[in-house]
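Asker: structural data only, the sequence is not supplied:
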DNA sequence: TCAATAATGATAACCATTACTGATTATAAT
DNA sequence: ATTATAATCAGTAATGGTTATCATTATTGA
């Protein structure tokens, strides 16, 4: 039985994720934590991100390409990825639990969850495109 | 303007993906193509998988962890991933286009598609668990 | 048939992530 | 408070999947 010990670095990493809502990569978290702990190691960031994710205190995001991203909001919700700028934003809509039931009717197993990423062009990029016409 | 030239290796790679329905990784495709072309290079496999995906003849799958997978079936459909064995299977259910509309109401941008992965335990693994009780 | 060039095989480089190391630090028992 | 312990750390090497480079080979249109 391994007892968790308190660590300032882990706090800083968790705080960073709670404070920002841009779903940062490990590298971005590293840069952020470095402001408080100038010689924190990238390995420490990865180790704690994984630990926190396994504990269920943060969530891992695999948005289709590029490095993994992390989310301090563990409540089930959907994400929208802009094809133009790559920005990942939260979608304030309810998760459709009934999709699991529907999907389960199509397969022999037991489905308990789903992950959905929406793709398109975000408002900012639409505006920019407009101006350049 | 770069014109595409025909290549036996690319044919073999595409055929492999059309023939099997287990959503193989690049490495698995490599192993398969090697039976016909014993000294095909892994780089060639990657290059052509990317080319074919960009041409829209196959699809890339990012199932949340592990290496990228590829799908010879480009028609929109959902996938189910077993947490136990990692197997990726197709779900014969309609894609819910209305989710895009719904999601778009929640964000300032333009949403054109979504990708959903369902997670759970597949029939095979449920059976195995049953026997071991 | 031949020149132009896309594609190949082999290999090196790349990048994100993980594993290893010995030193440090937080916790619990004395 | 002191000490024993084990978790955590910083630093760095190693790993694994993927991409880039380059000399050679294969395809194609004239």
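Answerer: Yep, that arrived. Everything numeric in this text was worked out from a predicted model, so none of it was measured.

Asker: how close does residue A:36 get to residue A:29?
Answerer: 12 Å (C-beta to C-beta, to the nearest Å). All C-beta atoms are positioned from the backbone trio N, CA, C, and that covers glycine.

Asker: for chain A, which helix is longest?
Answerer: helix A:42-55 (DSSP state H).

Asker: sorry, back to before: which one of residue A:36 and residue A:29 has more residues nearby?
Answerer: Legend: neighbour count by other C-beta atoms under 10 Å in any protein chain shown for residue A:36 and residue A:29, higher for residue A:29 (25 against 13).

Asker: tell me which element that one falls in.
Answerer: helix A:26-34 (DSSP states H and E).

Asker: quick one: contacts for residue A:78?
Answerer: A:90, A:91, A:93, A:95, A:116, A:117, A:118, B:103 (C-beta atoms under 8 Å, 6 or more residues apart in numbering or on different chains).

Asker: how does it look with 10 Å?
Answerer: Residue A:78 sits next to A:89-96, A:114-118, B:99, B:102-103, B:106-107, B:114, B:116 when contact means C-beta atoms under 10 Å, 6 or more residues apart in numbering or on different chains.

Asker: could you turn the buried ones of those into a ChimeraX selection?
Answerer: The buried subset of those, as determined by 16 or more other C-beta atoms under 10 Å in any protein chain shown, is captured in ChimeraX by this line:
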select /A:89,90,91,93,95,96,114,115,116,117,118 /B:99,102,103,106,107,114,116
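
Asker: up against DNA strand C, what does chain A have?
Answerer: Residues of chain A lying close to DNA strand C by C-beta under 7 Å from any atom of the strand are A:3, A:5-8, A:25-27, A:42-43, A:46, A:50, A:67-68.

Asker: report the buried members of the residues you listed.
Answerer: Using 16+ other C-beta under 10 Å as the burial test, the residues of chain A next to DNA strand C include A:25, A:26, A:46, A:68 as buried.

Asker: which one of the residues you listed is nearest to residue A:131?
Answerer: Of all those, residue A:25 has the smallest distance to residue A:131: 29.1 Å, by C-beta to C-beta.

Asker: how close does that closest one sit to DNA strand D?
Answerer: 14 Å (C-beta to the nearest atom of the strand, to the nearest Å).

Asker: tell me how chain A divides into domains.
Answerer: With domains defined by automatic domain parsing, chain A comprises A:1-74, A:76-133.

Asker: among the ones you listed, which gets the worst mean confidence?
Answerer: Note on the domains of chain A: lowest mean pLDDT is at domain A:76-133, with a mean of 93.

Asker: in a helix, residue A:17, correct?
Answerer: Yes - assessed by DSSP: H, G, I helix; E, B strand; the rest coil, residue A:17 belongs to a helix.

Asker: out of the buried ones among the residues of chain A next to DNA strand C, which touch chain B?
Answerer: Counting by C-beta under 10 Å from any C-beta of the partner chain, residue A:68 from these sit close to chain B.

Asker: now flag whichever of the buried ones among the residues of chain A next to DNA strand C is closest to residue A:130.
Answerer: residue A:25 (29.5 Å).

Asker: would you mind getting the angle between the longest strand seen in chain A and strand B:110-121?
Answerer: As assigned by DSSP state E, the longest strand anywhere in chain A is strand A:110-121. Strand A:110-121 and strand B:110-121 meet at an angle of 160 degrees, taking axes from the mean of the first three to the mean of the last three C-alpha atoms, to 10 degrees as the criterion.

Asker: I'd like to know which elements the helix holding residue A:29 is packed against.
Answerer: Judged by 3 or more C-beta pairs under 10 Å, 6 or more residues apart in numbering or on different chains; DSSP states H and E, helix A:26-34 is in contact with helix A:8-19, helix A:42-55, strand A:69-71.
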